[in-house]
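Participant: Generate coordinates for the sequence data below:
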Amino acid sequence: MLELAILGFLYDAPLHGYELRKRITALTGHVRPVAESTLYPAIKRLEKAGLLTRETHPGSVAAQRHVLTLTAAGREELRGRLAEPGRADITDENRWFTVLAFLRHLDDPAAQATVLARRLAFLEEPASFFYEGERPLRAEELDDPFRRGILTIARATSRAELVWLRSTLTDLRARAETKLF
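Facilitator: This next block holds a predicted model:
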């Protein structure tokens, strides 16, 4: 998720490390804050793999700033990760939001629709946070008001996402068909 966010934000524009960290934190920080001890090793791995470059610029007040720029290989890597996200990228809400934040960089509406269709299929599977044997439990079946709350909130969120997914899929599929002709 972190590498995808780094590639995605640098696809938009070159950034220095501090600004990149602020943007990633704004996207994922309320759930998974990004520490420097996590971010900078990821940046070094991506740089070593030839996916980004680092240039040193004078700082506006004191210290030098390292500006990070995505390479052509980095752009391809991002598009590849977006076109074929792993199962966890589809099923984990926070990872899904990271994919969604950059899905516009996948230029092909049909490819975008394929990713959204995978999320739709996942959301349409019967599921719950709580089970009786193999059977998923519904909010109405629980006496515990807190667990009932979890399921009520999750249901409302899922319904909103399903409406958006179906509408966006219809739109993307129409755009993809228009591109074919």
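
Participant: going forward, measure contacts between C-alpha atoms and count neighbours the same way
Facilitator: Fine.

Participant: And for the closest residue to residue 28 other than its chain neighbours, the neighbour number?
Facilitator: Nearest in space to residue 28, with sequence neighbours left out and distances taken as Cα to Cα, 6 or more residues apart in numbering, is residue 94 at 7.1 Å. Residues lying near residue 94 (other Cα atoms under 10 Å) number 17.

Participant: Can you give me the pLDDT of the closest residue to residue 149 other than its chain neighbours?
Facilitator: Sequence neighbours aside, residue 139 is the residue nearest to residue 149 in space, at 7.4 Å (criterion: Cα to Cα, 6+ apart). Per-residue confidence (pLDDT) for residue 139: 92.

Participant: Residue 139 contacts residue 146, correct?
Facilitator: No - between residue 139 and residue 146 there is no contact under Cα atoms under 8 Å: 9.9 Å.

Participant: The spatially most central residue of the chain is in what secondary structure piece?
Facilitator: With distances taken as Cα atoms, centre = their mean, residue 98 lies nearest the centre of the chain, 1.5 Å away. Using DSSP states H and E, residue 98 sits within helix 93-102.

Participant: Which other helices and strands does that helix contact?
Facilitator: helix 2-12, helix 17-28, helix 87-91 (3 or more Cα pairs under 8 Å, 6 or more residues apart in numbering; DSSP states H and E).

Participant: mind putting those helices in CSV, mean neighbour count included?
Facilitator: Below are the helices and strands packed on helix 93-102 laid out as CSV (neighbours: other Cα atoms under 10 Å):
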stretch, mean neighbour count
helix 2-12, 20
helix 17-28, 17
helix 87-91, 16
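
Participant: Which of those helices has the lowest mean pLDDT?
Facilitator: Among the helices and strands packed on helix 93-102, helix 17-28 scores lowest, with a mean of 88.

Participant: I would like the residues contacting that one, please.
Facilitator: With contact meaning Cα atoms under 8 Å, 6 or more residues apart in numbering, helix 17-28 is reached by 2, 5-6, 9, 32-34, 36, 39-40, 65-68, 94, 98.

Participant: from these, which two are the most distant?
Facilitator: Spanning the widest gap among these are 65 and 94, at 29.7 Å by Cα to Cα.

Participant: Can you show me the helices along the protein?
Facilitator: Using DSSP state H, the helices of the chain run over 2-12, 17-28, 36-48, 72-83, 87-91, 93-102, 109-124, 145-180.
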